[in-house]
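> coords please:
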Amino acid sequence: MSYTLEYKELPSAWTGFLRAALARGAGLKPGESIPPIVARCRGVVADAEALRKYRSLCNFRIDGKLPPSYPHVLAAPLHLQVLTHKAFPFKLLGAVHVRNAVTQHRAIAANEVLDIEVTVEGPRPVDAGLEFDLVTRIFDTTGKVPWESTSTNLIRKGAGGGSKKKGGWTPPDWSQYQVVESWQTPEDIGRRYGLIAGDVNPIHMHALAAKPFGFKRAIAHGMFSYARSVARIIPPGQEAMQLTVAFKRPVFLPSRVELLMREDGQGREYLLTNAARDTVYLEGRVDPVAAATATGTTEAPAPAADSRPAVAKKGSATKRAAKKASAKKASVKKTATKKGAAKKTAAKKTAAKKGSAPAGKRASTKKTSS
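From the prediction side, this is the model:
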């Protein structure tokens, strides 16, 4: 059975998290899949004040466009509706966001009217448990998709925050990277970002709220650390791009982090780490999107052709018809004038013939007498 949720305006994130706190999840039997659940909202425009606060907190410049990480924030209320639906089999508060992949085919204007669609796919077994994907598509008014993403989440085997390090970790070759920025993530950054982004998961709000989930302190939102990183990594002027990130370790609050980057001839790779270089929080890339795909893909019915060229064409045809009619009228008038002139000439000739004999005799008599 499939489920489709249609909204005329974005639902409340607060209501969504209340439902998430109460949801228990029935689980899946072996061989079962998550039923198709789709949530849509049409005519969405980013709130100018919320966007201003997001830019300021994540250090994005003001350029009249949505930051490439911001559509995820716009879609978050729909994510919650899908993940707290009665047919969704897992408990949301036990899920971990492990990866994110964004393709931005073109920049989206800050005041652009958008339609948002969210679907859920999976699960698939992995060593740590089960993974499922949230697929988000942003449609513009022409029916094209300027932005789309896949967020991969993990339902772990057993409970707990999973703050223990994995064995056998091999650090990257630090010599290939350069530090491009460092910043302090204060204790209250989870609350500040959560209120702006509508993500009030308890593990980000306060240390006391995070401890029941197995964390020694509150942790920063992965999407904040990601947004703060790409705001620095994206090359100036680049609008069509692919952003990929893996959330490796939580950033405990407060902490100081360092952003490292290297260029490999194709794009930019970055790491978010600590000064001691014994932890990598994020691994990500920013790559350009080929020009052939920069216009987006048509996922909705193509819009009707713009009527303005047709109107112009019709106007031109009318002018041509009027010109033709005017020329025809002028031709008729010219023909009538010619006919009138011919008749007048013929009349003069006739009159001349009638009076030619007497005139001839007088002329002859005059000449003879002289």
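
> can you tell me what sits against the lengthiest strand in the chain?
Determined from DSSP state E, the single longest strand within the chain is strand 114-126. Under the criterion Cβ atoms under 8 Å, 6 or more residues apart in numbering, residues 10, 28, 33-34, 36-45, 71, 74-75, 78-79, 81-83, 88, 108, 130-140, 154-155, 300 lie in contact with strand 114-126. Every residue, glycine included, has its C-beta placed from N, CA and C.

> so what are the sheet partners of the next helix or strand along the chain from it and their directions?
Using DSSP states H and E, the helix or strand that follows strand 114-126 towards the C-terminus is strand 129-139. With DSSP bridges as the test, strand 129-139 is paired with strand 114-126 (antiparallel), strand 147-156 (antiparallel).

> run through who's touching strand 129-139.
Under Cβ under 8 Å, 6+ apart, the answer for strand 129-139 is 28, 34, 71-72, 74-75, 78-79, 82-83, 90, 98, 108, 114-124, 145-157, 299-300.

> distance between the ends of stretch 202-211?
9 Å (Cα to Cα, to the nearest Å).

> element containing Y54?
helix 48-58.

> next one: I196
With DSSP H and E as criterion, I196 is part of helix 189-197.

> buried sites along that helix?
Neighbour-count burial for helix 189-197, counted by 16 or more other Cβ atoms under 10 Å, picks out I189, G190, R191, Y193, G194, I196, A197.

> dump those residues to a markdown table, plus pLDDT and distance to T273.
Shown next, in a markdown table, are these (pLDDT from 0 to 100; distance: Cβ to Cβ, whole Å):
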| residue | pLDDT | distance to T273 |
| --- | --- | --- |
| I189 | 97 | 17 |
| G190 | 97 | 20 |
| R191 | 96 | 24 |
| Y193 | 97 | 20 |
| G194 | 95 | 24 |
| I196 | 94 | 25 |
| A197 | 93 | 23 |
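
> how close does L80 get to K157?
24 Å (Cβ to Cβ, to the nearest Å).

> identify the bridge partners of T119.
Going by DSSP bridges, T119 forms beta bridges with V38, V135.

> where do the strands of the stretch 201-350 of the chain begin and end?
241-247, 255-263, 268-273, 280-288, 297-298 (DSSP state E, counting those that start in this stretch).

> so which of those is nearest P67?
strand 241-247 (10.7 Å; Cβ to Cβ).

> tell me the mean pLDDT for the closest one?
Averaging pLDDT along strand 241-247 yields 98.

> okay, the angle between it and strand 268-273?
Angle, strand 241-247 to strand 268-273, by axes from the mean of the first three to the mean of the last three Cα atoms, to 10 degrees: 30 degrees.

> partners of strand 241-247, with directions?
According to DSSP bridges, strand 241-247 has these partners: strand 95-104 (antiparallel), strand 280-288 (antiparallel).

> show me where the stretch 201-350 of the chain has helices.
202-205, 207-210, 222-233, 307-354 (DSSP state H, counting those that start in this stretch).

> can you flag the weakest of the ones you listed by average pLDDT?
helix 307-354 (a mean of 44).

> now E258: how far from G190?
20 Å.

> ok, now G222?
From G222 to G190 the distance is 11 Å (Cβ to Cβ).

> so L80 and K157 - more neighbours on which side?
L80 (25 against 10; other Cβ atoms under 10 Å).

> right, and that one touches A13 too?
Yes. Using Cβ atoms under 8 Å, L80 is in contact with A13, at 6.2 Å.

> re earlier: tilt between the helix holding Y54 and helix 222-233?
Using the same axes, to 10 degrees: helix 48-58 against helix 222-233 is 70 degrees.

> next one: helix 48-58 to chain centre, how far?
Averaging C-alpha positions (Cα atoms, centre = their mean, to the nearest Å) puts helix 48-58 18 Å from its chain's average.

> may I see the buried residues of it?
A50, L51, K53, Y54, R55, L57, C58.

> tell me the mean pLDDT for it?
Mean predicted confidence for helix 48-58 is 97.

> which other helices and strands contact that helix?
For helix 48-58, the packing partners by 3 or more Cβ pairs under 8 Å, 6 or more residues apart in numbering; DSSP states H and E come out as helix 70-83, helix 189-197, helix 222-233.

> just the angle between that helix and helix 70-83, please?
110 degrees.

> pull the residues that contact helix 48-58.
60-62, 66-67, 69-70, 73, 110-111, 192-193, 196-197, 224, 227-228, 231.
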